[in-house]
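Undergrad: coords below, sequence missing:
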């Protein structure tokens, strides 16, 4: 697996995790906002790493 594949898989996992949090009926809106905020930060870090490595990632 190369860096691009690894980063794209991580982006896909973050996107799926965000969807799962939104759909979780047992979490409060405040809990969801906190988790989504952390996942957005992680997604930004992945995209930033792609830019740093000059890797064009698929939009996720």
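TA: Good, I have the coordinates. Treat the numbers as computed from the prediction; the structure is a model and nothing was measured.
Undergrad: just the strands in the chain please.
TA: Using DSSP state E, the chain contains no strands.
Undergrad: any idea how far residue 17 is from the residue of it most remote from its centre?
TA: Distance from the centre of the chain peaks at residue 26, with 21.3 Å (C-alpha atoms, centre = their mean). According to C-beta to C-beta, to the nearest Å, residue 26 stands 15 Å off from residue 17. Where you see a C-beta, it was placed from the backbone N, CA and C, and this is true even at glycine.
Undergrad: what's the answer for residue 10, then?
TA: Distance from residue 10 to residue 17, by C-beta to C-beta: 10 Å.
Undergrad: cool, and residue 24?
TA: Distance check for residue 24 against residue 17: by C-beta to C-beta, it reads 10 Å.
Undergrad: for the chain, longest helix please?
TA: Scanning the chain for the helix with the most residues, using DSSP state H, yields helix 29-52.
Undergrad: what's it packed up against?
TA: Under the contact definition 3 or more C-beta pairs under 8 Å, 6 or more residues apart in numbering; DSSP states H and E, helix 29-52 sits against helix 3-23.
Undergrad: Which residue is the nearest non-sequential neighbour of the residue nearest to the spatial centre of the chain?
TA: What sits nearest the mean C-alpha location of the chain, by C-alpha atoms, centre = their mean, is residue 14, with 2.9 Å. Nearest residue to residue 14 in three dimensions, chain neighbours excluded: residue 43, at 4.8 Å (C-beta to C-beta, 6 or more residues apart in numbering).
Undergrad: try residue 40
TA: Once flanking residues are discounted, residue 40 sits nearest to residue 18: 7.7 Å by C-beta to C-beta, 6+ apart.
Undergrad: Please give the number of neighbouring residues around the one you found.
TA: Residue 18 has 18 neighbours, counted by other C-beta atoms under 10 Å.
Undergrad: pretty sure it contacts residue 39?
TA: Yes: between residue 18 and residue 39 a contact is recorded at 5.0 Å, counting by C-beta atoms under 8 Å.
Undergrad: Which parts of stretch 25-37 count as buried, going by neighbours?
TA: Counting neighbours by 16 or more other C-beta atoms under 10 Å, one finds that the buried residues in stretch 25-37 are residue 35.
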